[in-house]
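Asks: build me a model from this:
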Amino acid sequence: MFIDEAKIHIKAGNGGNGAVSFRREKYVANGGPDGGDGGNGGNIVFAANENVRTLADFRYKRKYVGKDGENGGKKNCSGKYGENTVISVPMGTLIRDAETNKILIDLSKPNQQYIAAKGGKGGAGNQHFARATRQIPTFAKAGTDGEGLYIKLELKLLAEVGLLGFPNVGKSTLLSRVSSAKPKIANYHFTTLSPNLGVVKIDREFEFVIADIPGLIEGAHAGTGLGHEFLRHIERTKLLIHMVDISESEGRDPVADFDKINKELELFKPELMEKPQIIAANKIDVVSDTERIDKFAEEMKSRGYEVFLISAVTGTGLQELIYRTAELVRELPDTELIEQVDEIKEYVVREDEGFKVNRVEDYYVVEGETVEKLIGSVNINDYESLGYFQRRLRALGVIKALENAGVQEGDTVCIGNFEFNYMK
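Replies: A predicted model of the protein is given here:
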């Protein structure tokens, strides 16, 4: 089954912690701090891959976690950066923020890449905290967490030509005749429930992709029937072949059908009406009234459309239709995505992101990833380390938040598993 939408969760790698270490060598007394920095966490990267055709793999794996950076070591050795996690998606994949539904990137070019979530920064080793008045820093900085978010993937087919038309007008038959595609074909409505792609080879140097789009019904612009599942796939096509049943075998009026489908395109997105269309009047092999054919052709030509009289079953007129299609594909420029791409959102790990202060009985509890991570960099037995910890709490706004919550000198404050008495 063709899958063209998926929602997944991505989490970039965390940064490694900085190291607390001191130089210890023979004949070197009281060596200074030499704790190395932690490595940055790995990013989550999406990459457009020409060999990937669908989003089917995301049915089975919906969570991707980046690799953490290594912790710093002694002798000023920094931890290794976490490797990036590269997720391959088909060309033509839109990546959206699942919460806001905004488009982050349109991966429409071969090997195009996008960093959707950045890894956490590695923490600084204790070598960075040495001062004239603090020559033996016994603390280091913890690494920050990588960004995590829900992502929505949406694939729009990258076909140069789209086959347009009501159900059962012969689109699948045409596709099977002009390409190596093997679509399901039967004489009932809605046989095609997902797009079929076929490659039409003109010669050794030129070919184009044609898509048999699922059948359309009235109200599709509002999501009726296959609705948007139909309409979204034609946005990147260069050219539309609009097929109609000229035989009126099911009592349908080909002119009325043509107008109804174009009305659905206009209601969905008016810009779609600007796409070039040529008309394939199918099933001429079962029409005995040539006057009906001539009347239809004259009407469409008066509107500025090229009309090709064909029989997808017998092959009549197919060569003329396909060669004209190839000429137009060569001439027409690549189609830009009609939907306006929003400004790309930069996901940056910030050290001052949210925390909250709650009062639980006689305790003040501070919760938040940033402050809880800060605890990992504190040496509670070292006065200087505690002083650094207090300054960081003040810089992050935690002290002010505690005071606004009513904390008094001597009250107990809890951050993670660490408790201390508040002192001004």
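Asks: tell me how many other residues surround the nearest residue to N282 once chain neighbours are set aside.
Replies: Using C-beta to C-beta, 6 or more residues apart in numbering and skipping residues adjacent in sequence, the residue nearest N282 is G170, 4.3 Å away. Quick note: C-beta positions are derived from backbone N, CA and C, even for glycine. Under the neighbour criterion other C-beta atoms under 10 Å, G170 is assigned a count of 22.
Asks: got it, and the one 4 residues further on?
Replies: L174 sits with 28 neighbouring residues when counted by other C-beta under 10 Å.
Asks: how much space separates the residue nearest to N282 from V255?
Replies: 17 Å (C-beta to C-beta, to the nearest Å).
Asks: what of E331?
Replies: E331 sits 28 Å away from V255 when distances are taken as C-beta to C-beta.
Asks: check G317 too.
Replies: Using C-beta to C-beta, we find G317 at a distance of 19 Å from V255.
Asks: next one: A140
Replies: Going from A140 to V255 by C-beta to C-beta gives 77 Å.
Asks: of the two, which one has the most company?
Replies: When neighbours are counted by other C-beta under 10 Å, A140 comes out ahead of the other of A140 and V255, with 31 against 14.
Asks: in the stretch 51-200 of the chain, which spans are helices?
Replies: With DSSP state H, counting those that start in this stretch applied, the stretch 51-200 of the chain shows helices at 171-178, listed in chain order.
Asks: tell me, what residue is most central in this structure?
Replies: When the chain is reduced to its mean C-alpha position, the closest residue under C-alpha atoms, centre = their mean turns out to be I95, at 1.9 Å.
Asks: could you list the low-confidence segments of the stretch 301-424 of the chain?
Replies: Within the stretch 301-424 of the chain, the set of residues satisfying pLDDT under 70 comprises 335-354, 376-385.
Asks: one more time with 90
Replies: 333-424 (pLDDT under 90).
Asks: now do the strands in it.
Replies: With DSSP state E, counting those that start in this stretch as the definition, the stretch 301-424 of the chain shows strands at residue ranges 306-309, 356-360, 363-367, 412-415, 418-421.
Asks: with mean neighbour count and distance to Y64 added, can I get the ones you listed in a markdown table?
Replies: Shown next, in a markdown table, are these (neighbours: other C-beta atoms under 10 Å; distance: least, C-beta to C-beta, whole Å):
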| stretch | mean neighbour count | distance to Y64 |
| --- | --- | --- |
| strand 306-309 | 19 | 47 |
| strand 356-360 | 13 | 28 |
| strand 363-367 | 17 | 27 |
| strand 412-415 | 17 | 30 |
| strand 418-421 | 12 | 32 |
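Asks: quick check: buried residues in stretch 241-251?
Replies: Neighbour-count burial for stretch 241-251, counted by 16 or more other C-beta atoms under 10 Å, picks out 241-248.
Asks: let me see the domain layout of the protein.
Replies: The chain resolves into domains spanning 5-155, 161-331, 356-421 when parsed by automatic domain parsing.
Asks: ranking these by burial, who's on top?
Replies: For these, ranked by mean neighbour count under the definition mean count of other C-beta atoms under 10 Å, the leader is domain 5-155 at a mean of 19.
Asks: and that one, end to end?
Replies: In domain 5-155, first residue to last residue: 6 Å (C-alpha to C-alpha, to the nearest Å).
Asks: if you average pLDDT over that domain, what comes out?
Replies: Along domain 5-155, the predicted local confidence has a mean pLDDT of 88.
Asks: now C414: closest residue in space, sequence neighbours ignored.
Replies: Nearest one to C414, counting by C-beta to C-beta, 6+ apart, is V365 at 4.8 Å.
Asks: thinking again about what came up before, is it possible to get CSV of the strands of the stretch 301-424 of the chain that adds distance to F389?
Replies: Compiled in CSV, those are given as follows (distance: least, C-beta to C-beta, whole Å):
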stretch, distance to F389
strand 306-309, 76
strand 356-360, 17
strand 363-367, 12
strand 412-415, 10
strand 418-421, 9
